[in-house]
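*Asks:* just need the structure, nothing else, for what follows:
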Amino acid sequence: MHRNGNELLINFKLLLIGDSGVGKSSLLMRYTNDCFESQLSATIGVDFKVKLVTVPDGTKIKLSIWDTAGQERFRTLTPNVYRGSHAAVFVFDVSNRESFDHLTSWMEELKTYSDNPNMIKLLVGNKIDNISREISREEGLRFARLYSMPYAETSAKTSEGVNQLFSDVVTRIYNHSELWNQGKKRAINNSSSRAHLTELEDKQTRSGCCS
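*Replies:* Residues are numbered from 1 along each chain as shown. Reported below is the predicted structural model:
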């Protein structure tokens, strides 16, 4: 409709935010590498991966997904990580009440440090494969509605809902003209875009599950 996918590789930054241990890194690995490791170490500082995604009009975008550390000792890194972001996914563990109770503090932190008033926000209840559930879907929905956020549930372990989650984020960015224009301003120039696109596509083709 209002995009041309042949000229620029548009870059968008997505944050995964929440307590340590809720499965942010596992969601990232499942989406980008289609794999799951049950003994992933806690993220130290920040980590990020890139995924090439095709939007409805055929445009390919570069989605940079940042996995933020949930520990207090890494909070000094927060301001720099949050800047320039287009979307944020708040993640909690449906089998951990404490991670759900901490959501409001994570939201306040984003509000303090984010420099993008148009940022898209979503709430995700992860680890729905765990039978020891403490937060019901209904409670998650109520919280999301309170803050006008979409709500989704996922299992990085079984992959349930993971692709749909990130697809929803991309669709919402695509349909938000101001965010789309922000991404275009970061777009790689035409001469280097094609080479970089080919390199990323090759990496995605060769990347398999974790070993």
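*Asks:* distance from the chain centre to stretch 88-102, please.
*Replies:* The chain centre lies 15 Å from the centre of stretch 88-102; the measure is Cα atoms, centre = their mean, to the nearest Å.
*Asks:* please read the previous query as pertaining to stretch 160-176.
*Replies:* With Cα atoms, centre = their mean as the basis, stretch 160-176 stands 9 Å off its chain's centre.
*Asks:* in that stretch, which residues are buried?
*Replies:* By 16 or more other Cβ atoms under 10 Å, the buried positions in stretch 160-176 come out as 161-162, 165-166, 168-170, 172-174, 176. For glycine as for every other residue, the C-beta is placed from the backbone atoms N, C-alpha and C.
*Asks:* turn those into a markdown table, including secondary structure.
*Replies:* As requested, those are arranged in a markdown table below (DSSP: H, G, I helix; E, B strand; the rest coil):
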| residue | secondary structure |
| --- | --- |
| G161 | coil |
| V162 | helix |
| L165 | helix |
| F166 | helix |
| D168 | helix |
| V169 | helix |
| V170 | helix |
| R172 | helix |
| I173 | helix |
| Y174 | helix |
| H176 | coil |
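*Asks:* need the strands for this protein, in chain order.
*Replies:* Secondary structure of the chain by DSSP state E: the strands cover 10-17, 46-54, 60-68, 87-93, 120-126, 151-153.
*Asks:* mean confidence for the fourth one?
*Replies:* Mean pLDDT, strand 87-93: 97.
*Asks:* separation between the residue lying closest to K49 once chain neighbours are set aside and P56?
*Replies:* Spatial nearest neighbour of K49, chain neighbours left out: T32 (4.5 Å); criterion: Cβ to Cβ, 6 or more residues apart in numbering. Using Cβ to Cβ, to the nearest Å, T32 is found at 21 Å from P56.
*Asks:* so which of those two has more stuff around it?
*Replies:* With neighbours defined as other Cβ atoms under 10 Å, T32 and P56 compare such that T32 has more, 17 against 11.
*Asks:* confidence-wise, which helix or strand of this structure is lowest on average?
*Replies:* helix 190-206 (a mean of 53; mean pLDDT, DSSP states H and E).
*Asks:* ok, N130 - contacts?
*Replies:* With contact set as Cβ atoms under 8 Å, 6 or more residues apart in numbering, N130 has these partners: 93-95.
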